[in-house]
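**Student:** structure of the sequence below:
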Amino acid sequence: MALVSMKQNQGELLKDFVSRFNMEALSIENFDHNVAMVAFQNALRPGPFAQSLAKTPPSTFTDILGRATKYINAEEVMQAKRAEHVEKKDKKKHPEERRRDDRREKHRPRWDSGGFTPLNAPRAEILATIEGKDYLKKPQPMKAPSDKRNRSKYCRFHRDHGHDTEECHQLKEEIQELINRGFLRSYVAKTAGEVPVMKDEKSSAVRLKRSRNVDPISFSDSDLPGYPTRNDPLVITAELGKWELRRILVDPGSSSEILYRQAFLGMGYEMTQLRAAKVPLVGFDGEAVYSEGIIQLPLTVGRGSRTSRVMLDILVADVPSAYNMILGRSGLNALRAIPSTYHMMMKFPTDRGTGEVWGDLRLARECYMASIGITKDKEAGSQKDADPPK
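**Tutor:** Here you go, the predicted model:
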């Protein structure tokens, strides 16, 4: 089993390793949770999470995933603090030193554009965002023999040693193809003038497109609803496929879009239309539920001339929910949307200016009350199962 031979690489973030481990686990036909538990713990590098698992052994593989989420969140907080520290350190530099850094920065390529669309983030970060969503083709094997590759370099796309992720030409081409198809717009660098696009296969000329000037998005007191809010969730209505779908929870804390099975079937779709994708969805309680599959549908938000339409890969889950769908980070990034629960609205750029979607307070509170009922029913069922028969 490939899981047994897996190891967390030096410098590899826990989030990246968990994602890589899960992808490998999903490819195994007869997945054994007990074997996965042992393989995961053996693969971890020494650190706080490994110590925690050794001190308090997990009861299930799902338990490991739930506990890993807490350490991943802490890891991200520490990364943000380190970045903030570097930024403060840069501000303290002598003016002449800053000018030297600026001159060096001008001559540095923006994430190694080299004929590809300039990006505002490392390709490794983009890969981590879209991994496991069937956006990318399976990479071709590395050409160099394994014994002649640089073992100090690791490519997350190939999941093998030989070159760094940022140097991977296949990954550059895959990301560029997605950009050309209208995806990953939030990762395209905002440059003045013209932006190079990948060469056409039938032409040696490089096509150029001009970047659009997007109006800055902001919120003010004039955007506040005409009623008092009580920390209500942002629940909107949008067009999904050919349907107007209500009860969509806007949740930046969710990494993926989730359409609940009852709503999926109610829209006239069939389970046979799903592509296979058994992705673990971990909730706040640490309990993992696996998706039934994945489907690609267009989502349209906004009204009149100020609308935005994107294609999304949406996971379908068979769990009780007061909502029909969750709009997560990947969808918000595709729309370039900014939600505000304080203002009970979401704004996003369009060709005709800033588009707006207002939250539905009545639906939000109905969903909240229904969610409480579902939770109580679930707890009552768990208690009933735990009580010994009389």
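**Student:** what's whichever strand or helix holds residue 236 in contact with?
**Tutor:** For residue 236, the host element (DSSP states H and E) is strand 235-240. With contact meaning C-beta atoms under 8 Å, 6 or more residues apart in numbering, strand 235-240 is reached by 244-250, 259, 267, 297-301, 323, 325, 327, 346, 357-360, 363-364, 367. Glycine gets a C-beta too; all of them are placed from N, C-alpha and C.
**Student:** what of stretch 219-226?
**Tutor:** Counting by C-beta under 8 Å, 6+ apart, 340, 342-345, 347, 358-359, 361 sit against stretch 219-226.
**Student:** that stretch: end-to-end distance?
**Tutor:** 15 Å (C-alpha to C-alpha, to the nearest Å).
**Student:** what's the spacing between residue 300 and residue 238?
**Tutor:** The gap separating residue 300 from residue 238 is 6 Å, by C-beta to C-beta, to the nearest Å.
**Student:** oh, I was asking about residue 25
**Tutor:** 33 Å.
**Student:** quick one: low-confidence parts of the stretch 51-200 of the chain?
**Tutor:** 79-80, 82-115, 132-135, 180-182, 190-200 (pLDDT under 70).
**Student:** cutoff 50 now
**Tutor:** Counting by pLDDT under 50, the stretch 51-200 of the chain has low-confidence residues at 105-113, 192-200.
**Student:** the helices in it, which residues?
**Tutor:** 61-91, 95-106, 123-130, 169-180 (DSSP state H, counting those that start in this stretch).
**Student:** over to the stretch 251-390 of the chain?
**Tutor:** 261-266, 329-335, 361-386.
**Student:** run the chain-centre distance for stretch 62-77.
**Tutor:** 16 Å (C-alpha atoms, centre = their mean, to the nearest Å).
**Student:** ok, stretch 140-159 next?
**Tutor:** 26 Å.
**Student:** what of stretch 171-191?
**Tutor:** 15 Å.
**Student:** for residue 224, give its distance to residue 71.
**Tutor:** 38 Å.
**Student:** of these two, who's got more company?
**Tutor:** Neighbour totals were compared for residue 224 and residue 71, and residue 71 leads with 18 against 15 (other C-beta atoms under 10 Å).
**Student:** contacting residues for the more buried one?
**Tutor:** With C-beta under 8 Å, 6+ apart, residue 71 has these contacts: 14, 48-49, 52.
**Student:** please name the nearest non-neighbouring residue to residue 361.
**Tutor:** residue 232 (6.1 Å; C-beta to C-beta, 6 or more residues apart in numbering).
**Student:** I misspoke; the intended subject was residue 261.
**Tutor:** In space, residue 261 is closest to residue 318, 4.2 Å off (C-beta to C-beta, 6+ apart).
**Student:** any idea how many residues pack against that neighbour?
**Tutor:** 15.
**Student:** try residue 55
**Tutor:** Around residue 55 there are 7 residues (other C-beta under 10 Å).
**Student:** please list all residues in contact with it.
**Tutor:** So residue 55 contacts nothing (C-beta under 8 Å, 6+ apart).
**Student:** so how far is residue 313 from it?
**Tutor:** Residue 55 is 38 Å from residue 313, by C-beta to C-beta.
**Student:** quick one: contacts of stretch 355-373?
**Tutor:** 225, 227, 229, 232-238, 246-247, 249-250, 301-303, 306-308, 321-323, 341, 344-349.
**Student:** alpha carbons only: can I get that stretch in PDB?
**Tutor:** Coordinates of each C-alpha in stretch 355-373 appear next as PDB, following Å, rounded to 0.1, in the frame of the first residue of the first chain:
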ATOM      1  CA  GLY A 355     -22.500  44.200  -8.300                       C
ATOM      2  CA  GLU A 356     -24.300  43.600  -5.100                       C
ATOM      3  CA  VAL A 357     -26.300  40.700  -3.500                       C
ATOM      4  CA  TRP A 358     -28.200  41.300  -0.300                       C
ATOM      5  CA  GLY A 359     -28.700  38.700   2.400                       C
ATOM      6  CA  ASP A 360     -32.200  37.500   3.300                       C
ATOM      7  CA  LEU A 361     -32.600  38.000   7.100                       C
ATOM      8  CA  ARG A 362     -35.800  36.000   7.300                       C
ATOM      9  CA  LEU A 363     -34.300  33.000   5.600                       C
ATOM     10  CA  ALA A 364     -31.100  33.400   7.600                       C
ATOM     11  CA  ARG A 365     -33.100  33.200  10.900                       C
ATOM     12  CA  GLU A 366     -35.300  30.300   9.600                       C
ATOM     13  CA  CYS A 367     -32.100  28.400   8.700                       C
ATOM     14  CA  TYR A 368     -30.500  29.100  12.100                       C
ATOM     15  CA  MET A 369     -33.600  27.800  13.900                       C
ATOM     16  CA  ALA A 370     -33.800  24.800  11.700                       C
ATOM     17  CA  SER A 371     -30.000  24.100  12.300                       C
ATOM     18  CA  ILE A 372     -30.600  24.100  16.000                       C
ATOM     19  CA  GLY A 373     -33.400  21.600  15.500                       C
END
